[in-house]
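Asks: The sequence and its predicted three-dimensional model are supplied below.
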Amino acid sequence: MSENLITPENLVYKKTKSMTDRILHYCPGCGHGTAHRMLAEAIDELGIQGETVGVAPVGCSVLAYYYFDVDMQEAAHGRAPAVATGIKRVFPEKYVFTYQGDGDLAAIGTAETIHACNRGENILVVFINNGIYGMTGGQMAPTTLEGMKSSTSPRGRDVKSMGSPLKITELIAQLPGTYFVTRQSVHTPANVRKTKRALKKALEYQKLNKGTCFVEIVSNCPSGWKMTPVQSNKWMEENMFPFYPLGDIKVPEK
Amino acid sequence: MAKRGDIVIDIEKCKGCEVCLAACPNDVLAIGSEVNKKGYRYVVKVNSDCIGCANCAVVCPDAVITVYREKK
């Protein structure tokens, strides 16, 4: 019974090769690491590691270029879709993605995001929504929920003075330039696998030159929300998902 | 009978976030009492009930776990 199972032929899961061996700088339990790995796995399953160019944002995931073993470019805050537009137009045969958080994509980069999607640039936009500015100390983001506490809304977000949370993914889905818009999460094994399928599909669609693919990943921020990772995943299920329901928002017509 | 599996934990990468504990169907994992170089109490295997489902490795944000499962 005690035979050794740890042999190469018994291997069922290991870190994918498009991710580097570097230790991630993210806080314990942060969804960014899982989201990175799923994107890397999607790239490897399609065998496009050498043909992929990523654009890193500003925010927690600013160091994404250390973790993806593909060509990467750092963009100014919020400008990743504009930089990706340039890369894709110069190298139309490459697979181009941006990886952005909610502060980057839905606040400072709203204009670039909306216009890149409206032009229907053939890029993949990966949007990590955790409803907070994690990197700078948990300030309120456009996607912060109503009543949610942050360091700049200590009594909870008051919609009268601070506005309502921005459902940018639904907004993007209205634009004729987008081809595939979906919202996923990475907090349970089933959701992680679904996210990978969505990312893989989005990269496959890029070959068709039909428009922008937009994948939102609702994620946790244990440090910003001041919870343990397991609590934050539960809180996310109870509070984030009713407002940001998971599922496909715009799928290609058959 | 379920197939048997085994895991290898890269302790220096583990941050002890416990997300894998919630994902394991057989309670194979627990947070140990020792710390790694970064000062995190890392995850350890506490029994041999692993079935190699890879749920822990899939949800791990830091790609700490490698999973093996018997072939037959």
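Replies: Sure, I can see it. Numbers count the residues shown, from 1 in each chain, chains lettered A, B, ... in the order given.
Asks: In the chain, mark out all the helices, start to finish.
Replies: In the absence of a named chain, chain A is used. Taking DSSP state H, the helices of chain A run over residues A:31-46, A:64-67, A:80-90, A:102-103, A:110-119, A:159-162, A:168-173, A:189-206, A:222-225, A:229-235, A:241-243.
Asks: ah, I was thinking of chain B
Replies: Under DSSP H, chain B gives helices at B:19-23, B:55-59.
Asks: could I get these as a markdown table with distance to residue A:94?
Replies: For the C-beta atoms, the positions are set from N, CA and C on the backbone; glycine is no exception. Formatted as a markdown table, the helices of chain B follow (distance: least, C-beta to C-beta, whole Å):
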| stretch | distance to residue A:94 |
| --- | --- |
| helix B:19-23 | 34 |
| helix B:55-59 | 28 |
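Asks: Residue A:97 is nearest to which of those helices?
Replies: Of all the helices of chain B, helix B:55-59 sits nearest to residue A:97, with 21.0 Å by C-beta to C-beta.
Asks: ok, residues contacting that closest one?
Replies: The contact list for helix B:55-59 (C-beta atoms under 8 Å, 6 or more residues apart in numbering or on different chains) reads A:13-14, A:34, A:186-189, A:192-193, B:7, B:19-20, B:23-25, B:28-29, B:63-67.
Asks: at 6 Å instead, please
Replies: For helix B:55-59, the surrounding residues in contact (C-beta atoms under 6 Å, 6 or more residues apart in numbering or on different chains) are A:13, A:189, A:192, B:19-20, B:23-24, B:65, B:67.
Asks: May I see the buried residues of that helix?
Replies: B:55-59 (16 or more other C-beta atoms under 10 Å in any protein chain shown).
Asks: can you list the residues of chain B near chain A?
Replies: Within chain B, the positions near chain A by C-beta under 6 Å from any C-beta of the partner chain are B:6, B:13, B:15, B:17-19, B:22-23, B:52, B:54-55, B:57-59, B:61-63, B:66-70.
Asks: same thing but 8 Å
Replies: Where chain B comes near chain A, counting by C-beta under 8 Å from any C-beta of the partner chain, the residues are B:4-6, B:8, B:12-13, B:15-19, B:21-23, B:38, B:40, B:52, B:54-55, B:57-63, B:65-71.
Asks: which stretches of the chain have low pLDDT?
Replies: Assuming you mean chain A. Scanning chain A for pLDDT under 70 picks out A:1-2.
Asks: Hmm, no, I was thinking of chain B.
Replies: Chain B contains residues with pLDDT under 70 at B:1.
Asks: In CSV, list the contacts of helix B:55-59 along with neighbour count and distance to residue A:120.
Replies: Listed next are these as CSV, based on neighbours: other C-beta atoms under 10 Å in any protein chain shown; distance: C-beta to C-beta, whole Å:
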residue, neighbour count, distance to residue A:120
A:13, 21, 36
A:189, 20, 34
A:192, 24, 29
B:19, 30, 37
B:20, 26, 40
B:23, 21, 38
B:24, 20, 43
B:65, 25, 40
B:67, 24, 40
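Asks: from the residues you listed, which is closest to residue A:247?
Replies: Looking across the contacts of helix B:55-59 and measuring by C-beta to C-beta, the closest to residue A:247 is residue A:192, at 15.6 Å.
Asks: Could you measure from that closest one over to residue B:23?
Replies: Separation of residue A:192 from residue B:23 (C-beta to C-beta, to the nearest Å): 9 Å.
Asks: How about residue A:49?
Replies: Separation of residue A:49 from residue B:23 (C-beta to C-beta): 27 Å.
Asks: Run through the residues that contact the residue lying closest to residue A:196 once chain neighbours are set aside.
Replies: In this structure, residue A:196 finds its nearest non-sequential neighbour in residue A:38, 4.3 Å apart by C-beta to C-beta, 6 or more residues apart in numbering or on different chains. Neighbouring residues of residue A:38 by C-beta under 8 Å, 6+ apart: A:186, A:192, A:195-196, A:199.
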